[in-house]
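Asks: Sequence first, predicted model second:
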Amino acid sequence: MRYVKVLWEHEFPDDPVLYLSELGEDGYEVRKVQLYRDGRSEWADGHHETATAGLSEIPFPSVEEISSQSACRAELITSEEFERAWSDARAKA
């Protein structure tokens, strides 16, 4: 598994500003957490989605490819960092 954090800098009040994804060996998302400017969070996995949080249907791009977009910064994170965000998001549900 790989874990990625993507910061999206924008001014859209209803869109997430931070995404954390757990990726399988095939590059597809296994689990995802979305964090919003107002403190809300949403999560998705193979059994749960919301109207605005779902797993991508295509393989996740590389950290370099994501970071090449001017409004995005991506980095690899530890499984522990992902698990903390995952637990927090699910506790708020």
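Replies: Happy to help now that I have it.

Asks: Which neighbouring elements make contact with the longest helix along the chain?
Replies: What stands out as the longest helix in the chain, according to DSSP state H, is helix 79-92. The contact analysis (3 or more Cβ pairs under 8 Å, 6 or more residues apart in numbering; DSSP states H and E) places helix 79-92 against strand 2-8, strand 18-23, strand 29-35, strand 41-45. Yep, even glycine has a C-beta here, placed from its N, CA and C like the rest.

Asks: and Glu57, which of those strands is closest to it?
Replies: With Cβ to Cβ, the closest approach to Glu57 among the helices and strands packed on helix 79-92 belongs to strand 29-35: 9.2 Å.

Asks: Need the mean per-residue confidence for the closest one.
Replies: Across strand 29-35, pLDDT averages out at 98.

Asks: residues in contact with it?
Replies: 1, 16-24, 41-46, 52-56, 60, 82, 85-86, 89 (Cβ atoms under 8 Å, 6 or more residues apart in numbering).

Asks: Could you list the buried residues of it?
Replies: Across strand 29-35, burial judged by 16 or more other Cβ atoms under 10 Å covers 29-35.

Asks: do stretch 83-93 as well
Replies: Those would be 85-86, 89, for stretch 83-93 by 16+ other Cβ under 10 Å.
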